[in-house]
Structures are given as structure tokens and as C-alpha cells.
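Undergrad: requesting a structural model of the entry that follows:
(chains A and B)
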Amino acid sequence: MSRPQIRQWQPEPAPPPDLAALLAQVARGDHRAFELVYAELAGPVYGVVRQVLRDPAQSEEVAQEVLLEIWRTASRFNPARGSAAAWALTIAHRRAVDRVRAESACSRREQQAADPGAGEDDVAEVVEATLEHQRVRRCMDGLTELQRESIKLAYYGGYTYPQVAKLLGVALGTVKTRIRDGLIRMRDCMEVPW
Amino acid sequence: MKVMRDDLHVLTGSYVLDAVSDAEREEFERHLQHCLSCRAEVRGLRETAARLAMARVVVPPARLEQRVLAATYRTRQLPPLPSERTHRKFPCRLAILAAAASVAAAVALGVGELSAQHQLDRARETAISRVVTAPDARVETARTSAGGSVTVVTSAALRDAVVSSTGLAPLSSGRVYQVWVMSPSGARSAGLLHGTSLLATIAPGDRIGITVEPAGGAARPTTNPVAILPV
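TA: Below you'll find the model as predicted:
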């Protein structure tokens, strides 16, 4: 059996298109601009929804709703309040989590809740050769175990902080604090402009 | 259940990760409306959460694109919301222009007896006029949690900004309002806030913060900002 191929660092891609400007065009009904927005955002939107929901068919359905929502509400994007990517990915994550919570009565989800591994980043098709992937991984390594697990379970696992507290066997207040100071550390480590 | 303020502030992280219940989200969003420092923190943490998503790119099936693009042709878009501050833009800017003009006039009157201090003041006023009259001048106004409001006029071309405030609560002696230029690498002091101040070398993405500090000012911000504005 051949050795797994080691992915090469890819050269820095051409500067990404200005999403905020494209969204302004989309808000005026420009389908061509929307295709470019789709090309930029479909991967992260589908990726984060898939991370939370796991089920590919359901993830595809929710990703479709989210991307159409971006088309529908482009006029509501306000660049003074944050980046276009953050706006879109906030919608995506929220939709995925809403779907999870709506289903939380189902036994399938309850079984997953008993498995703390559900917060692990194990979706097979994740594209690892992105700059952001490397950066997030490096900065995650700089967190304490509790910060890292809390953030992964909350964001990638789609759990509420009381559920995270239960899964990790720590107090509610501790989880809230660790999520916040862990994210602040990530923000500073990744030098996120804000 | 009434949650204490401190508790609410700690919720910024859980809020941006959607790890709160609907009831907590609503309560936190009400709190956000009058907590500027929370809003600033939420903004930065939300950008951070977006990076977590961008680190999980999965290429969707090709049919998704066909479906979404087709759906856009039969989906009506929402109209924009009424703008929050457009109606205030002109009055603010005119007020600053008027203030700058009156200062310039006062300086011009004393032109016969220009001391070194006067010359410095005059250079400063000229710089302020240049910013507020720049073709690309942008005006941002925000209410402060200490009452009143702060206005920042920025010219990206000049890389300068002008800050002025009105109606801020008077401070006890021994405390002052200090202005900061906040960038991802940290906050640098832009001096104490009095009248109209000029801020030099502003970069895109910087923000202007106002904090309450001990008399004489501090080397770094020691309290939560009463106002934060984009430039």
C-alpha cells in the first residue's frame, strides 16, 4: 500500500474577491455577483453545517436554505457591523444549530449527546490545505484542554453551554468562562481584525 | 430568572457560538443594545467564530450550486432596512465644520501676535479643517455609556481622524476621558479628550475608543470603553 500523500502547502491564492461589495450587487438582484458569492461561501457554509449536522443529505438541505437566505437578505448585510464572511457563516451556524435543537427530542441526537467525541473534527472531506485550517489548528493548540474542548463541542458539536458542562463534567460558570477566554485567545492568536 | 450583569458579559463567547438557549439569546441581545464594550467584544469573537467555520471547508456536491442558483430566480429579495444614521450625517458634519471654522477664525484674528503656541494651535486647526473638509471624509457618531455622544470624522486619504464629543458626564477631579486608537496589535493613546482632537496615522480597520482614566492619562486602557467607533 502506498504511503498517504502529504499535502503540499499551496501558494497564496489570488486575493479573494471583495465579498462586501459583491453582496451590495447581490442586493440589487445581480445573479452574476451571486455566483461569485456562492463560489466563495458554499464550501465554508456546507462545511460548517456538515460539521454540526453530520448527515450529508440533511446538511445539503440546510446549506441550500442558508445560501438562498444570503441571496434573499443581502440588503440586510451591514459592513459597519462586521465582515461579509462572518455575517454569512453566522447565518449558517445558527441554521444548523436550530435544526439540531428542533430535533433534540429524537433519540438519535440523545445518543450523540452521550458521546463527547461528537465534537471532534472528523468530517472526512474537510479540505485541510487551506490557510485557515492550518491557522485554526495552530491556534487551537495554544488553548488549554478545557478551552479547546468547550469551544469544539459548542461550535462544531452544536451543543449549548449547559450540555457542554455536562459532557465535560464541569460547572456551568466554568464552561461559560472557558469558552469566552478561549475565543479571546483564538482571536488574538489569529490576529483577527475587529 | 434575572441574570446578573457580570454573568451576562461572560456570555459573549457562548452567544457567538450559538451555545445559548433562545431565552438567553433574547436577554443578551437586549443587554447588547446598551453595552458598547459587549458589542465590541461580540464583533471580534464573531469574526473569530467565522474563522472556525472557514477552517472546515467541505466541497459541496455540484448539484447544490444548480439548485441554489435556480432557486434565486424564483425568490424575491428583502428590501433594505431604513438606515440608522444617514439622517444624522449632515447635521453632525456641519456642526464640526462650524466648530472648526470658528476656531480657525479666532486664530486668524490674533494673527498679528503669533506666539509659538499659537502657531502650533494654528497648524493643528488647519489639519483639523483639512480632515473635515476632505472629499472622502466619513462621519461616525455613537452615544456613549457616559451620556452624550462622540463623533469621529476620518479621511482615509489623509490617514487622519478628528474626534469631538458633546454632553459627556462630567468626571470627578482626578479622572479624565482618554482617546485610544485601537488596532489588532493593541491600543495606542491619542491623548486626552478635550474639545476637538486630531488623531494622526489612522489605518483602515482601526477603531477609536474612549475610556475613563486617572488624571494625566494611562499608558494602556484600564477601564471598559464608554464608546467605540469604527473609522
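
Undergrad: drop to CA atoms for contacts and neighbour counts, all remaining ones
TA: Will do.

Undergrad: neighbours around A:Glu132, how many?
TA: Look at A:Glu132: counted by other C-alpha atoms under 10 Å in any protein chain shown, it has 18 neighbours.

Undergrad: which residue packs closest to it, ignoring adjacent ones?
TA: The shortest distance from A:Glu132 to any non-neighbouring residue, by C-alpha to C-alpha, 6 or more residues apart in numbering or on different chains, is to B:Ala55 (5.0 Å).

Undergrad: now do the same contact list for that neighbour.
TA: A:44, A:128, A:130, A:132-134, A:136 (C-alpha atoms under 8 Å, 6 or more residues apart in numbering or on different chains).

Undergrad: in a markdown table, list those residues along with pLDDT.
TA: Formatted as a markdown table, those follow (pLDDT from 0 to 100):
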| residue | pLDDT |
| --- | --- |
| A:Pro44 | 97 |
| A:Glu128 | 80 |
| A:Thr130 | 81 |
| A:Glu132 | 87 |
| A:His133 | 90 |
| A:Gln134 | 91 |
| A:Val136 | 95 |
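
Undergrad: among those residues, who's most crowded?
TA: Within the contacts of B:Ala55, A:Pro44 tops the neighbour count with 28 neighbours, counted by other C-alpha under 10 Å.

Undergrad: can you tell if stretch B:73-83 touches chain A?
TA: Yes - using C-alpha under 8 Å from any C-alpha of the partner chain, stretch B:73-83 reaches chain A at B:75-81.

Undergrad: neighbours around A:Arg95, how many?
TA: Residues near A:Arg95, counting by other C-alpha under 10 Å, number 18.

Undergrad: pretty sure it belongs to a helix, no?
TA: Yes - read with DSSP: H, G, I helix; E, B strand; the rest coil, A:Arg95 is one of the residues of a helix.

Undergrad: for A:Glu128, see how far away it is.
TA: As for A:Arg95, its distance to A:Glu128 is 24 Å (criterion: C-alpha to C-alpha, to the nearest Å).

Undergrad: residues contacting the residue nearest the centre of chain A?
TA: By C-alpha atoms, centre = their mean, chain A has its centre lying nearest to A:Val48, at 3.9 Å. Residues near A:Val48 by C-alpha under 8 Å, 6+ apart: A:92-93, A:156, B:53-54, B:56-57.

Undergrad: before we move on, the earlier item: looking at the contacts of B:Ala55, spot the one nearest A:Ile179.
TA: Nearest to A:Ile179, judged by C-alpha to C-alpha, of the contacts of B:Ala55 is A:Val136 at 15.4 Å.

Undergrad: so how far is the longest helix anywhere in chain A off the chain centroid?
TA: Across chain A, the longest stretch assigned as helix under DSSP state H is helix A:31-53. For helix A:31-53, the separation from the chain centroid amounts to 11 Å (computed by C-alpha atoms, centre = their mean, to the nearest Å).
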